[in-house]
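> one predicted model, sequence on top.
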Amino acid sequence: MSAPPDPPPVMPIVIGAPEDGYVPGVCNIGPWEIRRRRAFAMAGFVVAAILLLALVMSGAPGELRLLVLLPAWGGMFSWLQARRRFCAGFAIAGISNFADGEAGRHAVTDPAARRADLEATLRLTRDSLAFAIVVTILAVLLPV
């Protein structure tokens, strides 16, 4: 007997959100952009893992494992963007996109919305860097 298929993902409804889904500082990308960020996240995580494996296998000193920070940070940055439905680059550029493709980009012109987006970008940067630092410390301390 096979298991029933997984239900399609459900996007939460934001009360009072504009029709396109943009909410300042909370959500500025739709499903198509989220899929792109998940793919970038997986690439960053794979690069970090391969780099760490190569450094360990080659007997590189622990300090050299600090290099894992960059791909781990990039992977987590992209993962958090997908998870939070928020693109830092779009926030900086003042745009949002809820369409399937790049043609659906819209300008964010309200100064308060731009400010909220930039604050969310700072939180995203802080959170992803904190994760990457923890992973890098563990990589450096790995007793191999």
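That came in fine, so what should we check first?

> which residues of this protein score low on pLDDT?
Residue ranges of the chain with pLDDT under 70: 1-19.

> so for it, the centremost residue is which one?
Central residue of the chain (Cα atoms, centre = their mean): residue 78, 2.2 Å from the mean position.

> the helix or strand hosting it: what's the following helix or strand?
Assigned by DSSP states H and E, residue 78 belongs to helix 69-84. Of the helices and strands lying after helix 69-84 in sequence (DSSP H and E), the nearest is helix 88-93.

> and the longest helix for the protein?
Selection of the longest helix in the chain by residue count, based on DSSP state H, yields helix 111-141.

> which parts of that helix are buried?
113-114, 116-117, 120-121, 124, 128, 131-132, 135-136, 139 (16 or more other Cβ atoms under 10 Å). Glycine gets a C-beta too; all of them are placed from N, C-alpha and C.

> which one of these is nearest to residue 90?
The shortest approach to residue 90 among those belongs to residue 117, at 7.9 Å (Cβ to Cβ).

> quick one: contacts for that closest one?
24, 25, 28, 86, 90, 91, 94, 108 (Cβ atoms under 8 Å, 6 or more residues apart in numbering).

> how about 10 Å then?
Applying Cβ atoms under 10 Å, 6 or more residues apart in numbering, one finds that residue 117 lies in contact with 22-26, 28, 86-88, 90-96, 108, 110.

> now swap in residue 108 and tell me
Contacts of residue 108 by Cβ under 10 Å, 6+ apart are 22, 24, 28, 90, 91, 93, 94, 95, 96, 114, 116, 117.

> re earlier: buried among the contacts of residue 117? Need that as a selection in ChimeraX.
Applying 16+ other Cβ under 10 Å to the contacts of residue 117 leaves a buried subset, and the ChimeraX line that selects it is:
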select :22,23,24,25,28,86,87,88,90,91,94,95,96,108
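
> shouldn't residue 96 be within a strand?
Yes. Applying DSSP: H, G, I helix; E, B strand; the rest coil, one finds residue 96 inside a strand.
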